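> Sequence first, then the predicted structure, then my questions.
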Amino acid sequence: MNDDARYSHYRLGFDIGGTFTDVVLCAPDGHTSVAKRLSHPEVITRAVVEGIRELIERDAVDVARIREVISGATTVVTNLIIERKGAATGLLTTEGFPDLIEIGREVRYDIYDIASRLPQPVIPRKWRCEVRERIDSKGEVVVPVDEDSVRRAVEYLRDDGVTSIAICFLHSFRHPQHEQRAREIALAVAPELFISLSSEVLAEIREFERTVATALNAYVRPQIGHYLQDLETDLAAIGLVSTVHLMQSNGGVISRDQAERMPLRMLESGPAAGALASAYVATLAGIDDVFSFDMGGTTAKACLISGGRPEITTEFETARVHRFKKGSGLPVKLPIIDLMEIGAGGGSIARVDAMGLLKVGPDSAGAQPGPACYARGGMEPTVTDAALILGYLDAHSALGGQVSLSLQRAQQAISDHIAKPLDMSVIEAASGIYRIVCENMASAVRVHAAEKGRDVRGYTLVAFGGAGPMHAREVARRLGCKRILVPPDAGVFSALGLLVAPTIYDAVRSRYARLVDVDWTQAEELFEQLACEATTALSSDAGSSDTLDFERSVDMRYVGQGFEITVPLPVRFDADIVARASASFHNCYEVLFGQHLNEVETEVLTWRLRASVLSTGDVTPVMGQMTPMLGDVRARRAYFPDHAAFQDTPVLRHGDVAIDSIAAGPALVEQAGCTVVIGPNERFHADQHSNLLIELLD
């Protein structure tokens, strides 16, 4: 694709959240227009179509000029797993290993709870079928695959109502031919089945994690196929026929065909897009180290971004029994942008516990019935109700242009459930809710940063999401951060991240060896195989004819350790590669743990290659349309916990903030989907990219 073609059409991105669905339209010149609609869990694509129609009509856009559509499908994939609404799924596994998916690891996530519950596998015992075959750890065939046992198993699963099958044979990451032959047999017996191979989903060591990932991919694959078909049908109904891409959790987009084959890669794609957008605006603003702070209606998420790049992890879990307890979920060992999540959103419910203490979250009122102030049937007090009482939200306007707010209902809910039981005023109760939720988020970020060996006091907080800018100053103060950046259209910021995401494919193979024994000629051949796989996977994507950017890395550890870390490798190997790989490992290890060992040998387990194609154009966020304020009110009383008092506070629109002209707080800066709270004695201004920069003084 040449440079002129890049700017000849419109691009569209949308992120489906638990409370709102955000839609961003990017014009050929890079300028954006946004829409925000309440999500409809019963018909996922409904809010998407509503938002697109709004933008098309508002901007008088010729639908034929919209050539690219990028979807964030976090809610779709996650809800299928959490709510156990995926397909009837079977498993073909090596004889003797049907219970591997249930036995898991020996480590308990709560060592003091002997009755702690573990997440249930998505494949029941009756649908786990054993196949006679065996491959050893070196990839040598010990027992050839018994084709008759494969046929019998597939016939049984098909006749019992299974529609999707995961095939995971022992050590297939070294020798995938058995799995490939089993797929051929399965499709010959029942061509309507969806088949997922572990050697394609996760060609990596550790059988439990590989089996779980393959099972989850198979579990959601049929419904994701239906979702994509419904999406294309609904888009075609409004005249929009374009290339559809899907956001991955690793910070890149993939084609529709790849997404349908590997839907598990879309898990946490929405939050990943938010982190990517944070890195994008931070780079434009000339800031290297930031942490993104995304607070929506249900959860808050943070991501450390060092040197302009979000950190990546392969240690992620979904469907946790205890949502915020590590180890209580199903492991998804795929490359994912490293996000910290906490149950703190605008809909988080506040209550007085059995000890008489005020608690906030993690459960949420969601979009239905929503906070009490939504007047949609919700009766319990939430963070949004507290924000309305404290003056951060305008009681005379519609939240996100969608929901009218009731101050009376918010006051009643907090009075009945919090203030009266604790013998305090409604204002004190609302302030308590606000401060507790901010402390919960700050504590979680502090721990997350410490685990990564980072000191966030030198980082800039990038605040977005419907509730992020409203809580950013209090979170930043508690973390010791000195600066906050709020981008334009912060309320729909994750959707903007979809439009700046590169096309990415991650290829991986496990090959064990001690570092000193690595055959680097074979390693080069392995990376060439991975590059061929990635190039083939990206061949159908727009722009893939350009030169691909390849990044190499390897998982390493000290000999005898039970865990490893991912370290970068050079694109080409030379005579000093062993020393360079060792130095890279020691540097990464020291960042994480404060020191490294010199007298202990190292070993490599897994080789990784990332292939990427840059996005097709620049994006220039501009201010979305505001809901008109009633009357000429340009100030309202807002409560600041650090001063324990209400103050008359000017109300500004984001576009009214002067560029490079420093103003003093307090102030409330309103955008179409959120409100920025600036405290007394704080300084703020807008930069040339319309970002709002806030300086927190001691």
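Nice, I can see it. Residues are numbered from 1 along each chain as shown.

> following the helix or strand where Ala583 lies, which helix or strand shows up next?
Using DSSP states H and E, the element containing Ala583 is helix 577-593. Using DSSP H and E, the next helix or strand after helix 577-593 towards the C-terminus is strand 602-613.

> Send me that next one as CSV with only the CA atoms.
Taking C-alpha atoms only, strand 602-613 is exported to CSV below (Å, rounded to 0.1, in the frame of the first residue of the first chain):
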residue,chain,number,x,y,z
THR,A,602,21.6,-20.4,32.3
GLU,A,603,19.4,-22.4,30.0
VAL,A,604,16.9,-21.5,27.2
LEU,A,605,13.4,-23.0,26.8
THR,A,606,11.3,-21.1,24.3
TRP,A,607,12.2,-19.0,21.2
ARG,A,608,9.9,-16.2,20.2
LEU,A,609,9.5,-14.1,17.1
ARG,A,610,7.2,-11.1,16.7
ALA,A,611,6.4,-9.9,13.2
SER,A,612,4.7,-6.5,12.8
VAL,A,613,3.4,-4.1,10.1
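
> helices or strands up against the helix holding Ala583?
When contacts are defined as 3 or more Cβ pairs under 8 Å, 6 or more residues apart in numbering; DSSP states H and E, helix 577-593 sits against strand 549-558, strand 565-569, strand 602-613. Heads up, the C-betas are built off the backbone N, CA and C, glycines and all.

> Direction included, what does the last one pair against?
By that I understand strand 602-613. strand 503-514 (antiparallel), strand 549-558 (antiparallel) (DSSP bridges).

> secondary structure element for the closest residue to Ile337 other than its chain neighbours?
Residue nearest to Ile337 in three dimensions, not counting chain neighbours: Ala272, with 4.3 Å by Cβ to Cβ, 6 or more residues apart in numbering. Applying DSSP H and E as the criterion places Ala272 in helix 269-284.

> Just the residues contacting the helix holding Ala583, thanks.
The contact list for helix 577-593, computed with Cβ atoms under 8 Å, 6 or more residues apart in numbering, reads 452-453, 515-516, 518, 520, 554, 556, 565-570, 596, 602, 604.

> out of those, which are buried?
Neighbour counting by 16 or more other Cβ atoms under 10 Å classes Lys452, Leu515, Val518, Val554, Met556, Thr566, Val567, Pro568, Leu569, His596, Thr602, Val604 among these as buried.

> Now for those: which two are most distant?
Lys452 and Val518 (27.7 Å; Cβ to Cβ).

> Got phi/psi on the residue of the chain most remote from its centre?
Distance from the centre of the chain peaks at Asp148, with 42.3 Å (Cα atoms, centre = their mean). Dihedral angles phi and psi of Asp148 (degrees, to the nearest 10) take the values phi -70, psi -40.

> again with Val150
The phi/psi pair for Val150 (degrees, to the nearest 10) is phi -70, psi -50.

> just how off-centre is the strand or helix carrying Cys532 within its chain?
Taking DSSP H and E as the criterion, Cys532 maps to helix 520-538. Offset of helix 520-538 from its chain centre (Cα atoms, centre = their mean, to the nearest Å): 28 Å.

> now the stretch 551-698 of the chain, which segments are flagged as low pLDDT?
The model of the stretch 551-698 of the chain has pLDDT under 70 over residues 615-633, 698.

> Tell me which residues touch the closest residue to Glu603 other than its chain neighbours, please.
Excluding its sequence neighbours, the residue lying closest to Glu603 (Cβ to Cβ, 6+ apart) is Arg514, at 4.8 Å. By Cβ under 8 Å, 6+ apart, the contact set of Arg514 is Val559, Glu601, Thr602, Glu603, Val604.

> Kindly recompute the last result at 7 Å.
Residues near Arg514 by Cβ atoms under 7 Å, 6 or more residues apart in numbering: Val559, Glu601, Glu603.

> Which of those residues sits closest to Gly17?
Glu603 (42.2 Å).

> correct me, but that closest one touches Arg557?
Yes: between Glu603 and Arg557 there is a contact under Cβ atoms under 7 Å: 6.2 Å.

> coming back round to it: any idea how far the residue farthest from the centre of the chain lies from Val154?
11 Å (Cβ to Cβ, to the nearest Å).

> now do Arg483
For Arg483 relative to Val154 (Cβ to Cβ), the value is 59 Å.

> what's the burial count for Leu92?
28 (other Cβ atoms under 10 Å).

> can you pull the contacts of Val34?
With the criterion set at Cβ under 7 Å, 6+ apart, Val34 makes contact with Asp22, Val23, Val24, Asp489, Val492, Gly624, Ala672.

> Go ahead and report the secondary structure state at the last one.
Pointing back at Ala672 there. Secondary structure, DSSP: H, G, I helix; E, B strand; the rest coil: Ala672 is coil.

> where does it sit relative to Gly296, distance-wise?
15 Å.

> Please say which of those two ends up with more neighbours.
Gly296 (28 against 21).

> Wait, the more buried one touches Phe464, no?
No: Gly296 is beyond contact range of Phe464, at 9.3 Å (criterion: Cβ under 7 Å).

> Could you give the secondary structure assignment for Ile111?
coil.

> how many neighbours does it have?
9.

> What of Ala27?
19.

> now Leu358
Neighbour tally, Leu358, other Cβ under 10 Å: 17.

> what's the closest non-adjacent residue to it?
Gly432 (5.3 Å).

> Distance-wise, check the one you found relative to Gly356.
Taking Cβ to Cβ, one finds Gly432 at 13 Å from Gly356.

> repeat for Glu590
Taken as Cβ to Cβ, the span from Glu590 to Gly356 is 46 Å.

> Quick one: the helices in the stretch 201-350 of the chain, in order.
Assigned by DSSP state H, counting those that start in this stretch, the stretch 201-350 of the chain shows helices spanning 207-237, 256-261, 269-284.

> picking up where we left off before, quick one, which of Arg483 and Val154 is more surrounded?
Val154 (27 against 16).

> Helix, strand or coil: sort out that one for me.
helix.

> Hmm, it is touching Ala188, no?
No: judged on Cβ under 7 Å, Val154 makes no contact with Ala188 at a distance of 8.9 Å.

> Need the distance between the two termini of stretch 90-98.
11 Å (Cα to Cα, to the nearest Å).

> Tell me how far it lies from the chain's centre.
31 Å.

> Give me the contact list for it.
In contact with stretch 90-98 (Cβ under 7 Å, 6+ apart) are residues 100-101, 123, 127-134, 150, 153, 157, 162, 165-170, 182, 215.

> Low-confidence stretches in the stretch 1-150 of the chain?
Across the stretch 1-150 of the chain (using pLDDT under 70), the flagged ranges come out as 1-7, 74.

> one more time with 80
1-8, 17-20, 41-42, 73-76, 79, 106-108, 114-116 (pLDDT under 80).

> same thing with the stretch 351-500 of the chain?
Looking at the stretch 351-500 of the chain by pLDDT under 80, you get 366-368, 397-403.

> give me that answer again for 90
Within the stretch 351-500 of the chain, the segments meeting pLDDT under 90 span 354, 361-370, 374-378, 394-405, 444, 447-455, 458, 465-466, 488-497, 499-500.

> Having no further points to raise, I will conclude here.
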